[in-house]
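# Following is a predicted model, sequence given first.
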Amino acid sequence: MNITSTTKLNNGVEMPWLGLGVFRSKEGEEVEIAVKTALEHGYRSIDTAAIYENERGVGKSIKASGVPRNEIFLTSKVWNSDQGYQSTLEAFEVSLEKLQTDYLDLYLIHWPKGQRSVETWKALEELYKKGRVRAIGVSNFLVHHLDDLLPHCKIVPAVNQVEFHPELIQPKLLEYCQKREIQLEAWSPIMKGNVTKIGTIQELAKKYNKTEVQVVLRWDIQKGVVTIPKSVTPERIISNADIFDFELEPEDMAKIDALDKEKRIGGHPDKINF
Ligand code: NDP
């Protein structure tokens, strides 16, 4: 395995196990340098969203990198206020224009919004059928949201991007998605940097001679979860990708599994008011 290794989605499309997240990376120089650094050091997947307001910088940096577009896996997401059939189709075009591309690799419904997400999903299916996006999926969907959406799907979501880290593992959701070949993808995988403060992970970092962050990102991949750590710090972007030269033993995987506290950093998908 290496930084370009992929998982095959349920429609055959290959998605890198590791990508760069850009939530809160500022539009302009900040996000541009982050994307540039990542691409220069082998990353081939970038995760943005309309609401991050940095799609222009992401697009500009990808263009300037010289890396062929078809070697990059680019994800964006439709924001809550744009959900609905027609508004999603329009929001998609706006994202493409900002990203300076004519297709996306993955387009996600950012948060579940009840019946409106069924209409949104129909728009995503339409975009998929037209070849505008190579895979479609959801984000922040719990089991009950998927139970509600799946009966309306002609195309089963390829990905569910959710909060996932040592203190929020959601094993039932992971099992549910794995059974249906919906690839789970971890957001806030390193707890915004706070995995460095967890004793068990500090011990494992010493044992494997890796950083705490590298141990946790490696744990993601060994659990079969795609991971997209965010950083705007070049040294961190580089070191976060250095996770392909070691393997956690089963007993150490279990030690991290045991840290689950069902503790969220971000909003609960049933309680958000945005
Ligand atoms: P992460 O868990 O990836 O943590 C990012 C934070 O950790 C930043 O403050 C970063 O600082 C710091 N950091 C990065 N690398 C290191 C390191 N090696 N050592 C110490 N600290 C480090 O949080 P995010 O919430 O950003 O999640 C990752 C991505 O997931 C997002 O960027 C976004 O793409 C996606 N996401 C999706 C959501 C959704 O609803 N679908 C919600 C939230 C996130 P610095 O940048 O200063 O280096």
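Yep, that arrived.

# Which element is encountered next along the chain beyond the host helix or strand of Glu119?
Using DSSP states H and E, the element containing Glu119 is helix 114-129. Following helix 114-129 in sequence order, the next helix or strand is strand 136-139 (DSSP H and E).

# Okay, now the sheet partners of that next one, with direction.
Note on strand 136-139: by DSSP bridges, its sheet partners are strand 106-109 (parallel), strand 159-163 (parallel).

# Is it in proximity to the ligand?
Yes - with CB under 6 Å from any ligand atom as the criterion, the ligand is reached by strand 136-139 at Ser139. Backbone N, C-alpha and C define where each C-beta goes, glycine included.

# got the contact list for that strand?
77, 106-112, 117, 121, 124-125, 127-128, 145-146, 149, 155, 157-162, 182-183, 187 (CB atoms under 8 Å, 6 or more residues apart in numbering).

# rerun at 7 Å
For strand 136-139, the surrounding residues in contact (CB atoms under 7 Å, 6 or more residues apart in numbering) are 77, 106-111, 124-125, 128, 155, 157-162.

# Not counting the next helix or strand after it itself, show me its contacts.
Sequence-wise, the next helix or strand downstream of strand 136-139 (DSSP H and E) is helix 143-149. Residues outside helix 143-149 that contact it (CB under 7 Å, 6+ apart): Pro112, Ser117, Val118, Trp121, Lys172, Leu173, Tyr176, Pro269.

# do the same with stretch 25-45
Looking at what lies outside stretch 25-45 - CB under 7 Å, 6+ apart - the contacts are 3-4, 15-16, 18-20, 22, 46, 53-54, 56-58, 60-62, 65, 67, 71-73, 230-232, 234, 237-238, 241.

# Now with 6 Å, please.
The contact list for stretch 25-45, computed with CB atoms under 6 Å, 6 or more residues apart in numbering, reads 3-4, 16, 19-20, 22, 53-54, 57-58, 60-61, 65, 67, 71-73, 232, 234, 237-238.

# if we can go back for a sec, which of the contacts of helix 143-149 count as buried?
Buried subset of these (neighbour count, 16 or more other CB atoms under 10 Å): Pro112, Ser117, Val118, Trp121, Leu173, Tyr176, Pro269.

# what does this protein have sitting close to the ligand?
Taking CB under 6 Å from any ligand atom, the part of the chain that reaches the ligand is made up of 21-23, 47, 110, 139-140, 161, 187-193, 196, 213, 228-233, 236, 239-240, 266.

# And those, which of them are buried?
Buried members of the residues of the chain next to the ligand, scored by 16+ other CB under 10 Å, are 21-22, 47, 110, 139-140, 161, 187-191, 213, 228-232, 236, 239-240.

# Okay then, goodbye and thanks.
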